[in-house]
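Asker: Provided below are the primary sequence and the corresponding predicted coordinates.
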Amino acid sequence: MNRLQKASLQAKLAQRLHLPAIVPKKRTLYNPMADSRVFSNGGSRPTRLQAGIISRIRVENFMCHNNLEIELGDWVNFITGQNGSGKSAILTALCVAFGSRARGTQRANSLKDFIKTGCSSALVQVEIKNHGEDAFKPETYGDAIIVERRISESTSSITLKNWQGKKVGSRKEDLREVIEHFNIDVENPCVIMSQDKSREFLHSGNAKDKFKFFFKATLLQQVDDLLKGIENQLYGATELVDNLEKSLRPILKELDELQEKIKNMEFVEEISQQVQLLKKKLAWSWVYDADRKLDVQNKLIEKLKGRIPTCQARIDQQQRKMEELRDQLTKKKSQIANMMERTSEVRRMKEDLQHSLSMATKERLGLEGEQDRKTSRIQKMIQQVKLFEQQIHDIREQHIRNTQAEENEMEERLKELQVEVDEANEICQRLKDEEDALTESLAMAKDEIQKIASQIEETERRHRDISSHIRELQMHQKNQVTAFGGGRVISLLQAIERHQHRFKRPPIGPIGAHVNLEHGDMWSIAIENAVGRLLNAFIVTDHKDSLVLRACAREANYNHLQIIIYDFSRSRLNIPTHMLPQTNHPTAFSIIQSDNPTVLNVLVDVGNAERQVLVRDYDVGKTVAFDQRISNLKEVYTSDGYKMFSRGSAQTILPPNKNVRGGRLSGSYDNQIKNLEKDALKAKEHAQQGRGIKRNKEEELSNLQDKLHNAKRRRINAERELRSKEFELQDVKKSISAEASSAPESTVDELHQEISRLQCAIQEKEDLLEKLQMRVNEAGNKAKDLKVSFENLCESAKTEIDALAEAERMLMMIEKDLHDAEAEKKHFENVMSTRVLSDLNNAEAEYRELEHNCKENRRKASIICPESEIEALGGCSESNPEQLSAQLSRMNQRLQRESQRFPESIEDLRMLYQKKERKILRKRQNYKAFRDKLEACQKALVLRWSKFQRNATLLKRQLTWQFNGHLRRKGISGQIKVSYEEQTLSIEVKMPQDASSSIVRDTRGLSGGERSFSTLCFALALHEMTEAPFRAMDEFDVFMDAVSRKISLDAIVDFALAQGSQWIFITPHDISMVKNDEKIKKQQMAAPRG
């Protein structure tokens, strides 16, 4: 029997011998297998149940009801009504809700028959209280469990809901768990006694029917069926073990035949022993032969090893050269990094100087424009002086020509014209002053508009920068790598992944993705200024990998990628304390954290991070950088981005770089994004305000331009009128001069006064012009100095850029020399490997192979037999392996001829015999264990049968006691006789009015009321022996007279109140005689409709 058959057999026996639990899980109707001492206190009552009682029943379209809802009390409930009012439908609804089949209710053949005529579906809903320590899953259902069953024409469904009406389960298993927990058995007549069962029970006098009622109500039927099933299983298992023991007989016969065959084959063992001896000698002969070959090969290897030192010396020479070149390469890279840093600083200074130069040029041009306007004004005044002098001359000539009369007339005319000219001059001067004021206001308005436009442009540019920064941070938040190169670095990493097989070692980068900061929000800007130029860089292990990475960058359209070549094999640098800045302030290297030692080494060797000190504010930075003279200090960076350093006696402070953003290494992107969004909103508001101001200023400018145009037009008209008046005045003066020999002194004096006034004005204007010329010269000198500084800076930047190019060229030369040295080293290494070491490796490989073969042969020979055994047998040195192999072949042929008579070997037969013997032994042990288990189960079954019979007898006695106790309420005594053999139950009743003391053995001999009362007492006795959360009885008081019915009702109510569970009584009779109590609830059903 194999293992599968054995496992199957054990499973069958375990299934047959398993004794199911007889005692239910929690509360049982009654446990007939319990100890007999449970009946010693027959008068005790169970405690009040807190869970499992029915609080509400609701039906829709069920039997005769459209919509009915009944609220039940926790103790005793009486439901009365006329026939046909649907009282019995309530109990039928209870049975249906708790999963009873239609036939089990004795009211219909199928569930669809319960649907009211004319309707397509019906609903039954029962609400169960779920309080107290016996509550079922209170965390799921709460204080109430709602069982809902829907019935349609084709199907029905069950739904369990919690106290809030939310669905919890819909499987029959869920309902079965609730029923088993609360011990609800609606098919037990002691739990629900329907109308049909009541009539059958109360009216029937058949002893067998009463026995069945008693046997089922006390669970004796269930236990009897269970024990009989176990007895049948034990009988089947015993037969199975008997059959298994009989199956061993053929195997025992086989074992005897095998023993006889082994005895007949023992003579072949002698030849087999000789073959084994030859095998042992042959195995060790191969070992000794391999030892001889190893000695020869070892001498050859020693000869080849003498050629290695010469070639190794050349390789060491190239290795030293490579190390020197690598040192030069590292220094040159550090120099280039410093030069690149200086170049970036010069570029920032260049931008600042260019901005200052443009502002100075703009100021100079404005002053020159004002100078031109002042000069033009002076020229006009000089022309006026010349015009007045000419007028004096003309007046004198005209005066000579005119006569005295004409002179008087003309003097009057001259005075009039002079007044008109003066008035016209005043008007022109006023209009010119107004035009100058408007021109100056217009220029100021244009300057203001230009300033506002610049501010708006600056604000919009700042808003765009902030929005761009927000988008960058959001992109960085999704993928932190994009903070160090944007979308290009993603394309570059994808290209690197595609070409990873071309790299000697995978590149590391970007460096910023491999580092994080302590207190990142505080030091992020300082670290960006200190080593930010390295955060976008990638690190490769050699020049070849840098070329591959450069090609990947071109493929990803990533121009100007910074690539750092560094040896990945170097461990993390351990910087001694005396080489660090001697200060309590942190360094950039102490703030930066990384799991990659190569990244930290690059930050030290290339970025000098260990010599860059970080401080919180500007004043502390100046103290640390310039006053304390700290050794090993290169630069000081403040938390807001200032850079401070000293080179010799020069002390330099560089302001924060506006283009540097510190968010890449800060701790949280969310706070930065929120702050930037606030700044962006403020910038947008400022831009909108600026545009509003600009619109107002442009409107003012347009008004000023209109006013200036009108003023120019009025000035031109006034100047025309003035010129016409002046011409007329000149004509008059000429006439006077012509008529008179000399001009009047008064007119000449006035003209001289006017000329003097104009000359004073000209002198004032010239003084102002001289001051303005000085300001123009100063502005020109300033612009020239700034231009010279800008040119010098460009020249110095060009020098540094040329120096940077020269350094990069030197770097390329060093890399080329390093590559040549590596190629030379590889050449000698190739010579070493292909010419010198090849023969040595081949010889060593052959030696190892021989050694391996020798060890393997020795191991195999040791497995066959120890070497001491061969030496004890005289050794095998006089024979070689070939001779022993031929001798062994002859012995095998002889053994084969002798073994043809018996194809199996004796060892196989012995092993087969032992295997079968062990197998039979195991089976016998297993069968004995099975039989022991069966005997133990048989004993347990006998014990349980004895307990069952003893408890059945005690139940019979207890039933009689309980029955007499209820009969005494009416002055009757009686006895119940139960015969388990004949399966009959008879009731004997002794009536008090019977003078002859005769006993009525059959209840059918009693009146209808007495028979119903005695049967009711029998039912109450059974109820007292069972346990359930609720009980229901329908038409329990039929066939009773008034006295019997009154006594029965009192007995039932007292029993129900004392018993502790919930009771539901349904009767068509009047229940007014039932006593009133707060624990008794009475309900009247509505009369049926005609």
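Answerer: Yep, it's here.

Asker: how about the CA coordinates for stretch 389-397, as PDB?
Answerer: Extracted in PDB, the C-alpha atoms of stretch 389-397 (Å, rounded to 0.1, in the frame of the first residue of the first chain):
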ATOM      1  CA  GLU A 389      20.100 148.100 -31.600                       C
ATOM      2  CA  GLN A 390      19.000 148.200 -35.300                       C
ATOM      3  CA  GLN A 391      15.700 149.800 -34.200                       C
ATOM      4  CA  ILE A 392      17.700 152.500 -32.300                       C
ATOM      5  CA  HIS A 393      19.700 153.200 -35.400                       C
ATOM      6  CA  ASP A 394      16.600 153.300 -37.600                       C
ATOM      7  CA  ILE A 395      14.800 155.600 -35.200                       C
ATOM      8  CA  ARG A 396      17.700 158.100 -35.300                       C
ATOM      9  CA  GLU A 397      17.700 158.100 -39.100                       C
END
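
Asker: ok, residue 371 to residue 776 distance?
Answerer: 6 Å (C-beta to C-beta, to the nearest Å). (Glycine included, C-beta is placed from N, CA and C.)

Asker: following element in sequence after the host helix or strand of residue 752, please.
Answerer: According to DSSP states H and E, residue 752 maps onto helix 745-831. Downstream of helix 745-831, the first helix or strand assigned by DSSP H and E is helix 837-864.

Asker: residue 140: which element?
Answerer: For residue 140, the host element (DSSP H and E) is helix 138-141.

Asker: packing partners for the helix holding residue 752?
Answerer: Judged by 3 or more C-beta pairs under 8 Å, 6 or more residues apart in numbering; DSSP states H and E, helix 745-831 is in contact with helix 308-401, helix 404-478, helix 543-555.

Asker: switch the cut-off to 10 Å
Answerer: helix 308-401, helix 404-478, helix 543-555, strand 563-565, helix 669-737, helix 837-864 (3 or more C-beta pairs under 10 Å, 6 or more residues apart in numbering; DSSP states H and E).

Asker: how about these, which one is nearest residue 612?
Answerer: Distance to residue 612, taken as C-beta to C-beta, is lowest for helix 308-401 among the helices and strands packed on helix 745-831, at 11.5 Å.

Asker: and that closest one with helix 745-831, angle?
Answerer: For helix 308-401 against helix 745-831, the angle by axes from the mean of the first three to the mean of the last three C-alpha atoms, to 10 degrees is 170 degrees.

Asker: so what's residue 702 up against?
Answerer: Shown in contact with residue 702 (C-beta atoms under 10 Å, 6 or more residues apart in numbering): residue 445.

Asker: same thing with residue 1088?
Answerer: Residues in contact with residue 1088 (C-beta under 10 Å, 6+ apart) are 64, 81, 82, 83, 84, 85, 86.

Asker: for residue 358, give me its contacts.
Answerer: With contact set as C-beta under 10 Å, 6+ apart, residue 358 has these partners: 783, 786.

Asker: more neighbours: which of residue 371 and residue 776?
Answerer: Between residue 371 and residue 776, counting by other C-beta atoms under 10 Å, residue 776 is the more crowded of the two (20 against 16).

Asker: the more buried one - nearest residue in space that isn't next to it in sequence?
Answerer: residue 367 (4.5 Å; C-beta to C-beta, 6 or more residues apart in numbering).

Asker: redo the contacts of residue 1088 as TSV? Include distance to residue 1069.
Answerer: Output for the contacts of residue 1088, formatted as TSV (distance: C-beta to C-beta, whole Å):
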residue	distance to residue 1069
64	20
81	10
82	11
83	11
84	15
85	13
86	17
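
Asker: out of those, which end up buried?
Answerer: Among the contacts of residue 1088, those that count as buried by neighbour count (16 or more other C-beta atoms under 10 Å) are 81, 85, 86.

Asker: among the residues you listed, name the ones in helices.
Answerer: In helices, judged by DSSP state H, none of those are found.

Asker: show me the contacts for residue 628.
Answerer: 581, 582, 583.

Asker: ok, residue 170 - contacts?
Answerer: Shown in contact with residue 170 (C-beta under 10 Å, 6+ apart): 148, 157, 158, 159, 160, 161.

Asker: of the residues you listed, which is the nearest to residue 209?
Answerer: Distances from residue 209 to the contacts of residue 170, taken by C-beta to C-beta, are shortest for residue 158, at 32.5 Å.

Asker: how near is that closest one to residue 97?
Answerer: Using C-beta to C-beta, residue 158 is found at 8 Å from residue 97.

Asker: who has more neighbours out of the two?
Answerer: Taking other C-beta under 10 Å, residue 158 and residue 97 do not tie; residue 97 has more neighbours (22 against 19).

Asker: my guess is that one contacts residue 111. True?
Answerer: No. Applying C-beta atoms under 10 Å, one finds residue 97 not in contact with residue 111, separated by 11.7 Å.

Asker: any shared contact partners between those two?
Answerer: Common neighbours of residue 97 and residue 111 are listed as residue 149 (criterion: C-beta under 10 Å, 6+ apart).

Asker: residues in contact with the host helix or strand of residue 488?
Answerer: Secondary structure assignment for residue 488, by DSSP H and E: helix 487-498. Residues outside helix 487-498 that contact it (C-beta under 10 Å, 6+ apart): 475, 479, 481-483, 485, 502-503, 506-507, 509-510, 512-513, 536, 538, 548-549, 551-559, 561.

Asker: same thing but 7 Å
Answerer: Applying C-beta atoms under 7 Å, 6 or more residues apart in numbering, the external contacts of helix 487-498 come out as 481, 482, 507, 510, 552, 553, 555, 556, 557, 558.

Asker: distance to residue 750 added to the residues you listed, as a markdown table?
Answerer: Shown next, in a markdown table, are the contacts of helix 487-498 (distance: C-beta to C-beta, whole Å):
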| residue | distance to residue 750 |
| --- | --- |
| 481 | 90 |
| 482 | 86 |
| 507 | 96 |
| 510 | 88 |
| 552 | 94 |
| 553 | 89 |
| 555 | 92 |
| 556 | 89 |
| 557 | 85 |
| 558 | 86 |
